[in-house]
Each structure stands twice: as C-alpha cells, then as structure tokens.
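> Pasting the sequence and the predicted coordinates here, then a few questions.
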Amino acid sequence: MSVARRLCLTLGLALLAAGCGGDADAPLTAMVRQSLDEPLRPVLARASEGDAARALVEEYRKQPGALAYQAEFVLGCTYQQEKNYSAAKEHFERALLMAPDYHAPWHFLGFANYYLGDLPGAHHAFEEHLKHSPDEGESWFGLGITDFDLGRLQEAEQDFRNAIHRNEAVRQADPQHRARTREVSKARVRLADVLLAKPDLSGAREQLEEAARLWPEQVETWFKLSQVRAQLGDAAGAAEAQQKYLELKARQTPTRAEGS
C-alpha cells in the first residue's frame with residue numbers, strides 16, 4: 001500500500017470515533033454516526049484510485065440505509081488524494097451541510113482550505129475538529145502550519161508541541177513504536193522553523209536532530225540541519241548533514257502534500 005493510501009486509511013479511520021447510528025434521510029437534528037459505515041471502509045482504503053473509488057461510492061449510495069453525508073466525506077477524500085482541493089472542499093462542505101455534527105470532514109477541510117490559500121478557513125476548520133477530537137495530533141499540526149503562515153509564531157510553537165505530544169503518545173502505545181513516527185518527525189521539523197524564526201538555533205538543532213533520528217529518510221530535515229549546524233559553527237556536522245541531504249535528494253521520488 002502506498003504512503004498516500006496508508007495515510008488516508010489510517011487517519012480517516014482514526015478520526016472517526018465510534019458513534020450512534022443514523023441514516024441518509026435523517027433530519028439534521030438527529031444523532032449523527034461518527035464511525036465510518038462498514039461498506040465505506042474499503043472504499044476509503046482505495047481513495048487514491050480516483051474514479052474507481054468514486055464509482056464504488058456511487059454504488060454505496062444505492063444501498064438501503066446508506067449514509068449520504070459519509071459518502072460525501074469519502075468522495076472528498078478521493079479528490080484530496082488527487083490534490084484537487086477545490087473539489088475536495090466542495091464534498092467536505094456538503095457533508096457538513098448534511099450533518100453539521102459530523103466531525104471528520106473538518107480535519108480534511110482544514111487541509112483543503114490550507115492548500116487553497118484560505119488560511120482563516122483552514123484555521124477555523126482545524127479548530128472545529130479539535131473541539132471534538134482534542135487528541136488528534138494531525139489537526140494540531142494543521143493548525144500549526146496555518147498559524148505559522150499567519151505569522152502567529154507563539155501559537156504555532158504551541159500547536160506543534162501539541163502535535164508532537166499527541167502523536168508521540170500514539171507512537172509509544174504501539175509495541176513496535178512505529179505508529180505516527182513520520183508525523184512526529186515532521187512536526188519537529190516544523191517546530192524547528194518556529195524556533196529559527198525566534199531565533200533559537202540550539203533549540204532548532206535539537207528538534208531537527210531528533211526528527212532525523214525518527215525518520216532519517218526525510219530530505220528536508222537534513223537540509224535544514226546542515227544550515228543550522230553551519231550557523232552554530234559546526235562545520236563538520238554541517239558537512240555530514242549536507243552529504244546525507246544530497247544522497248537522499250538524488251534518489252528522491254515525488255511525495256504527497258502534508259495532510260492530503
């Protein structure tokens with residue numbers, strides 16, 4: 001399974017807490033089911049397959065008791081995988097219009113808004129999701145990159161620390177300590193950006209070195225680490241990080257956007 005498919009399935013299901021039942025024709029005031037309907041789970045796992053996945057959603061819609069708002073959410077995820085953020089946003093917003101108390105779309109709408117350049121909209125969406133899922137580290141991460149781009153450095157620093165804390169708790173709960181490793185690493189890289197802006201070079205170096213230890217294949221980490229070490233006068237350490245960066249960049253393949 002590709003990284004994009006794995007992330008969509010893992011985060012998609014993790015963000016859908018167990019909830020009460022509901023149906024497509026229920027009024028907006030009725031209880032909304034938070035857990036993803038069983039027939040939609042394999043479809044979400046195939047979200048990166050685009051039209052094929054969307055065809056499965058349309059088949060699901062025809063089933064008795066299909067949850068229309070969840071179908072819209074999964075459709076949004078398929079477009080998010082294609083980085084068609086305008087289409088994704090449309091479906092996430094439609095899901096929320098159908099079921100305002102359905103929590104999951106807020107997280108993904110936050111990233112869609114972010115990549116569309118709507119920072120206030122992204123900020124609002126992440127905050128809405130965190131009202132219901134305060135331990136979701138990736139929503140804290142999304143809030144962090146949004147606050148950083150808005151110039152709210154103090155808020156961004158706390159957001160990234162929250163993201164690290166929440167995702168680290170998930171990692172520690174995994175017997176093999178593999179869950180959310182990349183997510184912890186990238187949050188540390190982004191926290192380093194905040195510390196560099198303060199500036200706190202030593203703090204940034206600490207975060208980047210820990211990020212590199214957790215996920216040594218992340219190219220960006222080594223580039224930033226080489227720069228920070230150079231600014232701190234560590235020529236040998238900077239050269240080592242630069243060499244690692246060049247080696248990784250030479251074999252780099254295109255990666256998905258954050259949170260997509």
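All right, it came through fine. As the structure is a prediction and not an experimental result, all values here were calculated from the model.
> so who does Ser185 touch?
For Ser185, the set of contacting residues under the criterion of CB atoms under 8 Å, 6 or more residues apart in numbering consists of 210-212, 214-215, 218, 221. C-betas here are computed from N, CA, C, even on glycine.
> Let's see that with 6 Å instead.
Contacts for Ser185 were tallied using CB atoms under 6 Å, 6 or more residues apart in numbering; they are 211, 214-215.
> now those residues in TSV, with secondary structure, pLDDT and distance to Tyr115?
Output for the contacts of Ser185, formatted as TSV (DSSP: H, G, I helix; E, B strand; the rest coil; pLDDT from 0 to 100; distance: CB to CB, whole Å):
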residue	secondary structure	pLDDT	distance to Tyr115
Ala211	helix	98	22
Leu214	helix	96	25
Trp215	coil	96	22
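> Can you flag the buried ones in those residues?
Among those, those scoring as buried are 211, 214-215 (criterion: 16 or more other CB atoms under 10 Å).
> Pick the one among those residues closest to Glu59.
Trp215 (38.0 Å; CB to CB).
> where does that closest one fall, phi/psi-wise?
Main-chain dihedrals, Trp215, degrees, to the nearest 10: phi -140, psi 80.
> my read: it touches Val184, true?
No. Applying CB atoms under 6 Å as the test, Trp215 and Val184 come out as separate, 8.1 Å apart.
> Now do the helix or strand hosting Ala239: everything it contacts.
With elements delineated by DSSP states H and E, Ala239 resides in helix 235-250, which encompasses its position. Helix 235-250 is touched from outside by 219, 222-223, 225-226, 229-230, with contacts defined as CB under 6 Å, 6+ apart.
> Keep only those of these that are in helices.
Helix and strand membership here follows DSSP state H; of the contacts of helix 235-250, those in helices are 219, 222-223, 225-226, 229-230.
> Of those, grab the buried ones for PyMOL.
Applying 16+ other CB under 10 Å to the ones in helices among the contacts of helix 235-250 leaves a buried subset, and the PyMOL line that selects it is:
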select buried, resi 219+222+223+225+226+229
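> just the ones in helices among the contacts of helix 235-250 now: which is nearest Arg251?
Of those, the one sitting nearest to Arg251 (CB to CB) turns out to be Val219, at 9.6 Å.
> For the closest one, which residues are in contact?
Val219 makes contact with 248-249, 252 under the criterion CB under 6 Å, 6+ apart.
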